[in-house]
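With the sequence up front, the predicted model follows.
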Amino acid sequence: MTHALDPTAPGRGTPAVGLDAYADVTRSDAALRAFLHGLPGVDQVGAEARAAQLGTRSIKTTAKAWAIDAAISMVDLTTLEGADTPGRVRSLAAKARRPDPTDASCPQVAAVCVYGDLAGVARDALVGTGIHTAAVATAFPSGRASRAVKIADVRDAVGNGADEIDMVIDRGAFLAGRYLDVFEEIVAVKEACGSAHLKVILETGELRTYDAVRRASWLAMLAGGDVIKTSTGKVSPAATLPVCLVMLEAVRDFRAATGVQIGVKPAGGIRTTKDAVKHLVMINEVAGPDWLDPDFFRFGASSLLDDLLLQRQKLRTGHYSGPDHVSVV
């Protein structure tokens, strides 16, 4: 019998049918607005209650080891500081390749995420590992720049070696109801990405309502985003369970409508193994086991990996060798 977080459970592999059925939706600002505002509203109380209920779910001891390894494999190990140096990025890449130097069985992380000017350093340090090089772009974190500057930023990051781009939407345009402007900018960024995958950051802490989060999620998916991401990590609140719930419902419903599966990436404030497991349980319950895969779910994190490693060591050896203050799953 498979446990509740087993990605081999039935249900994987819905055939894609494309987005042709939605071509008319994006033909004008009025049509796009009508579609987005016609989406079912989010019951705020119900969403928060369900997220809280799912957050209390426990998993069996036999599933904890799998859950921790799965979470490690979904981490985008991130440094986005003005003081970042090539040396810091190389150190981060070394940690990404071998998170636990004492245990070769520990999985690698999914990606290393840096500013675009350091993408080449990360790429060179990750050659042959299969770990992705992600770069933030489009005037991250504010998104306050002309479209030409944003496109140049993307092309520069891709040229430096990024195979994943994390863009920020124009929240001012979105909140003003200029949905077609936001849509067209995402389309242009996607084109500039070439073969690189595009993660679209909604900055949910600035969107004010769950209805806006649902609309922004659909807008990003219709425009060709490969992943929808909660936040830059620079705005509070960042990733919350209710917001993640709304986004997981959106990707689930989008696949049901189009056959196209889009990923989700919560980022900002996820620091403990307990937090990570809550998200894994939510993925399984809300979207389904197809999303329990680094191709379709990522954690944007800088400190989460350390706690996952401590908990993994505790399961493996029966004790901690790290700091005394650790989370308990």
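Looks like it arrived, so ask away.

pLDDT on the lengthiest helix in the chain, on average?
With DSSP state H setting the assignment, residue counts place helix 241-258 as the longest helix in the chain. Computed over helix 241-258, the mean pLDDT rounds to 97.

That one: how far from the chain's middle?
Relative to its chain's centre, helix 241-258 lies at 13 Å (Cα atoms, centre = their mean, to the nearest Å).

Can you give the contact residues for it?
The contact list for helix 241-258 (Cβ atoms under 8 Å, 6 or more residues apart in numbering) reads 14, 16-19, 21-22, 42, 47-48, 50-52, 54-55, 202, 204, 210, 213-214, 217-218, 221, 228, 230, 237, 260-264, 266, 278-279, 282-283, 286-288, 291. All C-beta atoms are positioned from the backbone trio N, CA, C, and that covers glycine.

For it, C-alpha coordinates in PDB please.
Below are the C-alpha coordinates for helix 241-258, written out as PDB (Å, rounded to 0.1, in the frame of the first residue of the first chain):
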ATOM      1  CA  LEU A 241      -0.800  28.100   3.500                       C
ATOM      2  CA  PRO A 242      -4.100  29.700   2.400                       C
ATOM      3  CA  VAL A 243      -2.400  31.400  -0.600                       C
ATOM      4  CA  CYS A 244      -0.700  28.200  -1.600                       C
ATOM      5  CA  LEU A 245      -4.100  26.400  -1.300                       C
ATOM      6  CA  VAL A 246      -5.700  28.900  -3.700                       C
ATOM      7  CA  MET A 247      -2.800  28.600  -6.200                       C
ATOM      8  CA  LEU A 248      -2.900  24.800  -6.000                       C
ATOM      9  CA  GLU A 249      -6.600  24.900  -6.700                       C
ATOM     10  CA  ALA A 250      -5.800  27.100  -9.700                       C
ATOM     11  CA  VAL A 251      -3.300  24.800 -11.300                       C
ATOM     12  CA  ARG A 252      -5.500  21.800 -10.600                       C
ATOM     13  CA  ASP A 253      -8.500  23.500 -12.300                       C
ATOM     14  CA  PHE A 254      -6.300  24.800 -15.200                       C
ATOM     15  CA  ARG A 255      -5.100  21.300 -15.900                       C
ATOM     16  CA  ALA A 256      -8.700  20.000 -15.800                       C
ATOM     17  CA  ALA A 257      -9.700  22.700 -18.300                       C
ATOM     18  CA  THR A 258      -6.700  22.600 -20.600                       C
END
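
Buried residues, it. List them.
For helix 241-258, a neighbour-count test (16 or more other Cβ atoms under 10 Å) marks 241-255, 258 as buried.

Now, the contacts of helix 241-258 that are in strands?
228, 263-264 (DSSP state E).

Just the buried ones from those?
Here, 16+ other Cβ under 10 Å leaves 228, 263-264 buried among these.

Show me which of the residues you listed is closest to residue 114.
Distance ranking of those against residue 114, using Cβ to Cβ, places residue 263 first at 19.5 Å.
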